[in-house]
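*Asks:* sharing a model that was predicted from the sequence below.
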Amino acid sequence: MDKELLDAAKKKAKSQKRSLNNYIEVLLHKDLENYLNNAPEESNYDSENDADINAVQSYDKWIKSLKKGN
């Protein structure tokens with residue numbers, strides 16, 4: 001993370017008497033609240049990109065598949 005951005009986030013968190021982690025979590029929640037409330041439950045389909053989304057089970061296998069172009 002950019003040092004200037006991190007320092008600003010730390011100051012803002014401190015001014016709100018929050019931990020940095022909590023401050024960032026609150027920002028993410030506010031930003032994603034509408035999306036999360038309207039997303040279909042347990043969906044593995046990304047309609048915006050018209051693609052199936054699968055969880056990465058093995059980081060190493062995933063990286064190898066990216067290198068192979070799969």
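*Replies:* Cool, got the structure.

*Asks:* can we go C-alpha only for contacts and neighbour counts from here?
*Replies:* Fine.

*Asks:* what mean pLDDT would you report for the longest helix anywhere in the chain?
*Replies:* The longest helix of the chain (DSSP state H) is helix 20-38. Averaged across helix 20-38, the pLDDT comes to 86.

*Asks:* which neighbouring elements make contact with that helix?
*Replies:* helix 3-15 (3 or more Cα pairs under 8 Å, 6 or more residues apart in numbering; DSSP states H and E).

*Asks:* could I get the buried residue list for the helix it packs on?
*Replies:* Of all the residues in helix 3-15, those buried under the rule 16 or more other Cα atoms under 10 Å are Ala9, Lys10, Ala13.

*Asks:* from the residues you listed, which is closest to Ser58?
*Replies:* Ala9 (32.7 Å; Cα to Cα).

*Asks:* that closest one against Asn22, yeah?
*Replies:* No: proximity of Ala9 to Asn22 does not meet the contact threshold set by Cα atoms under 8 Å, at 10.9 Å.

*Asks:* quick one on the thing from earlier: export the longest helix of the chain to CSV, keeping only CA atoms.
*Replies:* The C-alpha coordinates for helix 20-38 follow below in CSV (Å, rounded to 0.1, in the frame of the first residue of the first chain):
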residue,chain,number,x,y,z
LEU,A,20,-6.8,0.6,11.2
ASN,A,21,-8.2,-2.9,10.5
ASN,A,22,-11.7,-1.8,11.7
TYR,A,23,-11.6,1.5,9.8
ILE,A,24,-10.7,-0.3,6.5
GLU,A,25,-13.4,-3.0,7.2
VAL,A,26,-16.0,-0.2,7.7
LEU,A,27,-15.0,1.4,4.4
LEU,A,28,-15.2,-1.8,2.5
HIS,A,29,-18.6,-2.6,4.1
LYS,A,30,-20.0,0.8,3.1
ASP,A,31,-18.7,0.5,-0.4
LEU,A,32,-19.9,-3.1,-0.9
GLU,A,33,-23.2,-2.9,1.1
ASN,A,34,-25.4,-2.4,-1.9
TYR,A,35,-23.7,-5.1,-3.9
LEU,A,36,-23.8,-7.6,-1.1
ASN,A,37,-27.5,-6.9,-0.4
ASN,A,38,-28.4,-7.5,-4.1
